[in-house]
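# Sequence first, predicted coordinates after that:
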Amino acid sequence: MSPRRPIARRDLDVVLFGATGFVGRQTVAHFAARAGGLRWALAGRSAARLEQVRARFGTPDAVLIVADAHDRDALNALAARTRVVLSTAGPFALHGDALVDACVAHRTHYVDVTGETPWVRSLIDRHHARAAAEGTRIVPCCGFDSVPSDLGAWRVARALRGRHGERCASGKACFVLRGGVNGGTLASALNLFDSGEAARMADPFLLNPPGSAPRGGAEHADPVAPHRDADFGDWVGPFFMGPVNTRVVRRSAALLAGDPDAPYAADFRYQEYPRIGRGRAAALAAAGLGAGLVAARASLRLAPVRALARRVVPAPGRGPSERAMDGGAFRCELVGTGTGGHTVRGVIAGRGDPGNRATTVFVCESAITLAGDPAALPGGAARGGVLTPATALGDPLAHRLVDAGITIEPRPD
């Protein structure tokens with residue numbers, strides 16, 4: 001491998017790109033409270049709106065950078081100034097390529113809140129090799145999808161290895177959610193169907209490195225039927241976020257496979273479910289949920305249905321009220337089973353709307369973690385590539401999340 005190019009000095013530590021959007025405005029509020037001595041900036045395409053956001057959240061020290069998501073010159077100048085970029089500007093398949101291109105070109109670390117796994121696959125194909133060679137961490141999926149799943153599964157697997165000397169052969173997560181959805185998230189979902197990329201999400205190993213998919217694909221397919229789960233003691237069903245989160249967790253397992261201390265078994269299996277409840281009513285609700293998801297996916301393949309949806313759902317830049325977001329909550333319970341049959345349970349939980357409040361906490365703390373000590377990150381300063389929250393951020397992120405009020409069990413060491 002040729003010597004790495006020296007990194008030019010940067011006058012900023014973190015740039016919040018998309019700071020005037022619905023989730024972007026929330027990142028500004030959280031970052032202002034948690035940034036400490038970091039040098040940071042707000043970036044977006046409108047100087048006037050950036051000024052309004054800076055004034056609204058009382059952050060006079062934040063630098064303002066005007067840059068459109070498709071202006072490559074402006075994005076290259078932005079990436080050259082900072083050590084880390086945090087992006088909330090979706091749909092990422094429409095607006096994310098040029099920014100990631102600039103980050104890779106300038107060896108600038110990157111995090112975002114996307115759940116668009118076909119787009120993440122394109123980042124892997126285009127950028128993983130170079131980013132890995134140069135130690136640049138490109139870390140999509142740092143919002144509610146998929147930090148709880150990825151970090152939770154990784155910590156449970158590590159606990160199995162540490163307590164029982166077993167690699168994790170299978171894992172599963174069960175979610176309870178209370179919250180709403182913002183227009184940007186809905187726009188990203190609709191764009192997947194507009195582009196025809198939604199069909200690619202059916203591949204359980206969409207994000208895996210080539211040749212890393214284990215044998216026996218049937219048990220890795222997304223659940224479509226409800227069942228009463230013995231480990232969770234309740235009826236569960238197919239989970240609408242499963243096709244995103246499970247792919248991220250499987251990529252983590254595959255990326256760690258060459259490590260002698262890897263916590264995952266070679267044929268590791270992982271699934272996710274929503275917790276419905278107990279009794280006959282819960283069984284019927286779980287069955288209805290499964291049927292509803294199948295019907296929704298089928299109907300969204302039709303352009304007229306998507307056009308109607310755009311007229312009735314919140315537009316990008318809009319979302320739940322402050323009161324509704326404050327009243328939200330999430331709980332992710334995990335069970336890992338080792339190669340010798342031992343089990344370990346875990347929990348990641350928090351207050352606040354999962355798709356908005358919790359996502360803000362996860363992505364901001366991810367960016368701050370990246371801006372910290374490179375040697376403390378998993379793999380040390382040399383690790384790079386299109387990574388996952390667990391493989392890029394690991395325990396340093398877990399410690400920051402606990403400090404920010406997130407419950408994590410097993411607790412960070």
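Now that the structure is in, tell me what you want to look at.

# quick one: the spatially most central residue of the chain from Gly162, how far?
By C-alpha atoms, centre = their mean, the chain has its centre lying nearest to Cys141, at 2.2 Å. Distance, Cys141 to Gly162, by C-beta to C-beta, to the nearest Å: 26 Å. For glycine as for every other residue, the C-beta is placed from the backbone atoms N, C-alpha and C.

# residue ranges with poor pLDDT in the chain?
The chain contains residues with pLDDT under 70 at 1-8, 184, 186, 216, 313.

# quick one: the strands in it?
Ranges of strands within the chain are 12-17, 40-44, 63-66, 82-87, 109-112, 137-139, 168-178, 227-229, 234-236, 264-277, 329-338, 343-351, 385-386, 407-409, based on DSSP state E.

# strands paired with the longest one, and their directions?
Neighbouring strands of strand 264-277 in its sheet, by DSSP bridges, are strand 168-178 (parallel), strand 234-236 (antiparallel).

# Counting residues, name the longest helix you see in this structure.
Taking DSSP state H as the criterion, the chain has its longest helix at helix 279-299.

# Need the contact partners of that one.
Residues from elsewhere that reach helix 279-299, judged by C-beta atoms under 8 Å, 6 or more residues apart in numbering: 198, 224-228, 234-238, 240, 274, 276-277, 305.

# residues contacting the closest residue to Ala29 other than its chain neighbours?
Distance criterion C-beta to C-beta, 6 or more residues apart in numbering; nearest residue to Ala29, sequence neighbours excluded, is Phe57 at 5.3 Å. Counting by C-beta under 8 Å, 6+ apart, Phe57 makes contact with Arg25, Val28, Ala29, Ala32.

# ok, now how distant is the last one from Asn356?
Separation of Ala32 from Asn356 (C-beta to C-beta): 17 Å.

# Equivalent analysis for the first one, please.
Using C-beta to C-beta, one gets 10 Å for the distance from Arg25 to Asn356.

# Which of the two has more residues huddled nearby?
Each of Arg25 and Asn356 has its neighbours counted (other C-beta atoms under 10 Å); Asn356 has more, 25 against 22.

# The nearest residue to that one once chain neighbours are set aside and Leu393: what is the separation?
Spatially, and ignoring its direct neighbours in sequence, Asn356 is nearest to Met325 (5.0 Å; C-beta to C-beta, 6+ apart). Noted for Met325: a distance of 24 Å to Leu393, by C-beta to C-beta.

# These two: which has the busier surroundings?
Leu393 (28 against 21).

# Could you double-check that the more buried one sits in contact with Ile368?
No. Contact criterion C-beta atoms under 8 Å: Leu393 and Ile368 do not qualify, at 10.1 Å.

# show me the residues around His95 that make contact.
Ala69, His70, Ala89.

# which of these are buried?
For the contacts of His95, a burial check counting by 16 or more other C-beta atoms under 10 Å picks out Ala69, Ala89.

# Mind putting the contacts of His95 into TSV with distance to Glu219?
Converted to TSV, those look like this (distance: C-beta to C-beta, whole Å):
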residue	distance to Glu219
Ala69	40
His70	42
Ala89	37
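
# Correct me if wrong: the residue nearest to the centre of the chain contacts Thr391.
No. Contact criterion C-beta under 8 Å: Cys141 and Thr391 do not qualify, at 11.5 Å.

# In helices only, show me the contacts of Phe57.
Arg25, Val28, Ala29, Ala32.

# From these, pick the one nearest Asp203.
Arg25 (34.6 Å; C-beta to C-beta).

# How about the contacts made by the nearest residue to that closest one once chain neighbours are set aside?
Take Arg25 and drop its neighbours on the chain: the residue closest to it by C-beta to C-beta, 6+ apart is Val53, 5.9 Å away. Neighbouring residues of Val53 by C-beta under 8 Å, 6+ apart: Ala19, Thr20, Gly24, Arg25, Val28, Leu42.

# Try it again at 6 Å.
Ala19, Thr20, Arg25, Val28 (C-beta atoms under 6 Å, 6 or more residues apart in numbering).

# just Gly196 next, same as before
Contacts of Gly196 by C-beta under 6 Å, 6+ apart: none found.

# same question, His30
Here His30 is in contact with Thr360, Cys364 (C-beta under 6 Å, 6+ apart).

# roughly how far apart are it and Ser87?
From His30 across to Ser87, the span is 15 Å (C-beta to C-beta).

# picking up where we left off before, hmm, Pro354 and the residue nearest to Asn356 touching each other?
No. Between Met325 and Pro354 no contact is recorded; they are 9.7 Å apart, counting by C-beta atoms under 6 Å.

# wait, what's in contact with Leu207?
By C-beta under 6 Å, 6+ apart, the neighbours of Leu207 are Arg247, Arg251.

# Dump the longest helix of the chain to PDB, restricted to CA.
C-alpha atoms of helix 279-299 as PDB (Å, rounded to 0.1, in the frame of the first residue of the first chain):
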ATOM      1  CA  GLY A 279     -53.500 -13.100  24.200                       C
ATOM      2  CA  ARG A 280     -55.800 -13.500  21.300                       C
ATOM      3  CA  ALA A 281     -56.200  -9.800  20.500                       C
ATOM      4  CA  ALA A 282     -52.400  -9.500  20.200                       C
ATOM      5  CA  ALA A 283     -52.200 -12.500  17.900                       C
ATOM      6  CA  LEU A 284     -54.900 -10.900  15.600                       C
ATOM      7  CA  ALA A 285     -53.100  -7.500  15.800                       C
ATOM      8  CA  ALA A 286     -49.800  -9.100  14.800                       C
ATOM      9  CA  ALA A 287     -51.400 -10.900  11.900                       C
ATOM     10  CA  GLY A 288     -53.100  -7.600  10.800                       C
ATOM     11  CA  LEU A 289     -49.800  -5.800  11.000                       C
ATOM     12  CA  GLY A 290     -48.100  -8.300   8.700                       C
ATOM     13  CA  ALA A 291     -50.900  -8.100   6.200                       C
ATOM     14  CA  GLY A 292     -50.900  -4.400   6.300                       C
ATOM     15  CA  LEU A 293     -47.100  -4.100   5.600                       C
ATOM     16  CA  VAL A 294     -47.500  -6.500   2.600                       C
ATOM     17  CA  ALA A 295     -50.400  -4.400   1.300                       C
ATOM     18  CA  ALA A 296     -48.600  -1.100   1.800                       C
ATOM     19  CA  ARG A 297     -45.500  -2.300   0.000                       C
ATOM     20  CA  ALA A 298     -47.500  -3.600  -2.900                       C
ATOM     21  CA  SER A 299     -49.600  -0.400  -3.200                       C
END
